[in-house]
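Q: Okay, predicted coordinates and the sequence, questions at the end:
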Amino acid sequence: MVVSVGSTVKIHYKGTFDDGTVFDESANRAPLEFTVGTGKVIPGFEKNVLGMEQGQKKQFTVAPKDGYGEPKAELLIDLPRTKFPQNMELKPGMVLTFKKDETHLMATVRNIGKDSVQLDMNHPLAGKNLNFEIEVLAIL
């Protein structure tokens with residue numbers, strides 16, 4: 001059996017940047033499980049899983065256009081410092097989570113001014129090549 005659209009798969013993976021830094025991996029936790037074709041993983045990852053067999057291992061790179069896209073300047077926003085709790089210690093690089101309606105949004109603190117805070121609403125992996133080593137554990 002090979003992975004096709006509609007297959008549910010269990011995969012172990014390791015994701016690295018071009019410099020070898022690991023950004024995520026499933027070692028020491030449950031494998032990633034998803035149904036191919038539902039959009040639960042980035043398109044480049046899904047495309048590379050298609051046609052694989054159980055037990056097969058593969059390495060591939062996902063370019064930004066097939067991953068989280070290129071960063072968009074319009075997703076850099078400045079908010080008044082008063083929008084944050086007074087006792088909140090903000091630092092550049094800090095990732096914040098917001099809830100809007102039923103959606104959870106992430107933002108990275110880029111700059112902190114006296115009266116404003118610049119947030120980057122782009123996905124933290126936007127603009128990056130993502131290198132993966134994967135193994136298909138099961139095709140359900």
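A: Here it is on my side, so go on. Since this is a predicted model, take the numbers as computed values, not measurements.
Q: What is the neighbour count of residue 75?
A: 13 (other CB atoms under 10 Å). C-beta here means a position set from N, CA and C on the backbone, and glycine is covered the same way.
Q: who's in contact with it?
A: For residue 75, the contact set (CB atoms under 8 Å, 6 or more residues apart in numbering) comprises 120, 121, 122.
Q: Next, the contact list for residue 95, please.
A: With CB under 8 Å, 6+ apart, residue 95 has these contacts: 106, 107, 108, 109, 124.
Q: which residues of the chain fall in strands?
A: 8-16, 22-25, 32-35, 57-62, 76-80, 95-100, 103-112, 116-120, 130-139 (DSSP state E).
Q: before we move on, the earlier item: kindly indicate the member of the contacts of residue 95 with the most neighbours.
A: residue 107 (21 neighbours).
Q: Give me the pLDDT value at that residue.
A: pLDDT recorded at residue 107 is 95.
Q: Can you check the pLDDT for the closest residue to it other than its chain neighbours?
A: Once flanking residues are discounted, residue 107 sits nearest to residue 119: 4.0 Å by CB to CB, 6 or more residues apart in numbering. pLDDT recorded at residue 119 is 97.
Q: per-domain residue ranges of the chain.
A: 8-69+125-139, 73-120 (automatic domain parsing).
Q: got the contact list for residue 54?
A: 1, 136, 137, 138, 139.
Q: Out of these, the closest to residue 18 would be?
A: residue 136 (24.4 Å; CB to CB).
Q: Return the closest of the contacts of residue 95 with respect to residue 58.
A: Of all the contacts of residue 95, the one sitting nearest residue 58 is residue 124; the distance, using CB to CB, is 24.5 Å.
Q: sorry, back to before: what number of residues are in the vicinity of the residue nearest to residue 107?
A: Residue 119 - counted by other CB under 10 Å - has 23 other residues nearby.
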